[in-house]
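>>> show me the folded form of this:
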Amino acid sequence: MKTVRFITLLLAVILIASLIGAACGPTPTPVPTKLPAPSAPATATPVPAKATATPSVTRGGNLIIATRAANEPASMDGQVDPYLDTWLFNSWVADPLILLTSAGEYKPMLATGWTLSPDGKTWTFTLRKDVKFQDGTPFNAEAVKFNIDRLMDPATHSALMADNVGVSAFKATEVVDEFTVKIIYNAPVPKAWWGFSICPMWSPTAVKKYGKDFHQNLVGTGAFKMTEWVKGNYLKFVKDPNYKGGPPLQEHTGPAYLDSITVKFVGEDAVLGEILKTGEANMVMEMPAQSLAFYKNNPAFQIVPGYQPGTAMQFVMNTGKPPLDDIRVRQALRYAYDQDKINQTLYDGYYVAVKGPLTKFTRCYWKGVEDAYKYDPEKSKSLLEEAGWKVNPRTGIREKDGKPLALNIVMLHHQELGEYLGVQFRAIGVDLKVEVVPGPVQLERALNGQFDLMYCRLRSFEPDDLYAIWYSKNLKPGGWAWSRFQNDKLDEILLKTQSIADLEERCKLFTEAQKMITEFALALPTVDNPIYFVMPKSVKGVKVGVFGGWLFVNDIYIEK
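Below you'll find the predicted structure:
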């Protein structure tokens, strides 16, 4: 949904990641890249390792993907546009320097290896020597420097992607030799792992040639060329026959199997739910939950879920004003609803119940949240009584000092979720008003503090979303600390996560942060909507990333 992506990505001052690189001279010893994936991502019809097409097997076809109209980017330049869908489409055109695999590992891609200086401030990485951009421009250290410098240039307006690769600490890009480059920072940037796994490398020649129109004329090093963009209708990508890819991005070597990919933007969920039946598409990305039952029970189709890391659909509480400045009221709300029942009642169990600040598909997830705040309306009532809120027998709503316990919940979509919470809260004497507003209104009210509960969602595999939302000094334009909660210990823990490169140490700190966020009841976690890819059984080789909406297309083919 565009609204989800708007709030989850437009202001995301963080996301996590890391840089890549390799040492000068001999092939360096890579920095350890295996990360503990929170769960195995779903796949459909895996392609055998090192599979190579033979004369007796035809692997090709034209893949037509239908997706929501709200997923159409405003700009196709992922170095500028802050939406996940843009970055996904870019990944088919432009390989990254490093790859975050389906197994949750960072692997060399356009880079062949990397090293990190002892102080964590300098990444040195070496590059492949056999790669050219789709317009024939050589891929080398100068090209990487061009992209990094463009990214960091304020004139590019690359607020989110630049932040992913550490713009605030950036010092310089240095070309060591033709295929070795250094990225130098004034401080460690551990989140750059993520940033460089999603950042497209563009042809310097094409960027200069097309100027402001480059986003409609993308030129990268990937397996597909973007050939058409009819706005409000479709995107088309055609196979690059000169592509020289291989592992880790794809199981086979050489060009992708598919001849083309067309992405159709569909305005109505009802149409999206039926389009596979009419044959107008052979894949749906983000199949509506209400349409899944038909395909689940039909042996001619397959469903691949993409589970999403990050915060899920949570509502932060405004602790800067009554009544949510009282921890007892916040805790009472946490005990008043059941995430599993929300999932079953509203979404037929196709969503995922989320009990804490992060989904279980995020690195550094703390399982302790699953035992916190189990549904207990009687405890909710007891806490509210202790806080001085007494039920008015005439209205059924609690009052204190003559004022009713009335809250508003501000959201972008999923109105039914707010209404469900309203019913649960009314049962404990709390009046909840649901307000659905457009993104710009939400942002304005969030920064002005004109809310009690505010929809706040960020998505990333690394847990730096916690820093973005709960580090108190991030209450500023472009920042996410809307709850106005301030705790010196929590701030100290979160600030440390931004300067420590060691991934295990960062996890320890993020675990402590999750414990505190849960203890102080700073948000209402609810559910998360997986990205469901649905297609006929004839579509083979489908893989999604640990970031659920990420579709790897290079091994896909259509069996005839």
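
>>> C-alpha only now, for contacts and for neighbours.
Will do.

>>> ramachandran coordinates for the most centrally placed residue in the chain?
Nearest to the mean C-alpha position of the chain, by CA atoms, centre = their mean, lies Arg459 at 3.4 Å. With angles defined as degrees, to the nearest 10, Arg459 sits at phi -130, psi 120.

>>> once you drop chain neighbours, what's closest to it?
Gly310 (4.0 Å; CA to CA, 6 or more residues apart in numbering).

>>> helix/strand/coil for the one you found?
coil (DSSP: H, G, I helix; E, B strand; the rest coil).

>>> do the same with Pro440
helix.

>>> my read is that Glu268 contacts Thr67, right?
No: look at Glu268 against Thr67 with CA atoms under 8 Å: they stay out of range, at 9.8 Å.

>>> who has more neighbours out of these two?
Between Glu268 and Thr67, counted using other CA atoms under 10 Å, Thr67 has the larger neighbour count: 26 against 12.

>>> and the more buried one, what pLDDT?
Thr67 is assigned 96 on the pLDDT scale.

>>> was I right about it contacting Asn282?
No: Thr67 is not in contact with Asn282 according to CA under 8 Å; the separation is 11.3 Å.

>>> before we move on, back to that, could you verify my assumption that the residue nearest to Arg459 touches Ser460?
Yes: counting by CA under 8 Å, Ser460 is a contact partner of Gly310 at 4.9 Å.

>>> quick check: neighbours shared by these two?
Common contact partners of Gly310 and Ser460 (CA atoms under 8 Å, 6 or more residues apart in numbering): Thr362.

>>> is Lys476 part of a helix or strand, or is it coil?
Secondary structure state of Lys476, per three-state DSSP, is coil.

>>> any figure for the gap between the residue nearest to it when sequence neighbours are not counted and Pro477?
For Lys476, ignoring the flanking residues on the chain, the nearest one in space by CA to CA, 6+ apart is Leu447 at 7.0 Å. Leu447 sits 7 Å away from Pro477, going by CA to CA, to the nearest Å.

>>> tell me which of the two has more neighbours.
The neighbour comparison of Leu447 against Pro477 (other CA under 10 Å) goes to Leu447, with 19 against 11.

>>> what helix or strand does that one sit in?
Element membership of Leu447 [criterion: DSSP states H and E] is helix 439-448.

>>> how about that helix: buried residues?
Gly439, Gln442, Leu443, Arg445, Ala446, Leu447 (16 or more other CA atoms under 10 Å).

>>> same check, this time on stretch 203-213
For stretch 203-213, using 16+ other CA under 10 Å, the buried residues are Ser203, Pro204, Ala206, Val207.

>>> ok, stretch 412-432 next?
Buried, per 16+ other CA under 10 Å, within stretch 412-432: 412-413, 417-419, 421-422, 424-426, 428-432.

>>> repeat for stretch 292-303
Leu292, Tyr295, Phe301, Gln302, Ile303.

>>> out of those residues, which are inside helices?
Taking DSSP state H as the definition of helices, the buried residues of stretch 292-303 contribute Leu292, Tyr295.

>>> and which of the buried residues of stretch 292-303 is nearest to Phe520?
Using CA to CA, Leu292 is the member of the buried residues of stretch 292-303 that lies nearest Phe520, at 37.4 Å.

>>> thank you, goodbye.
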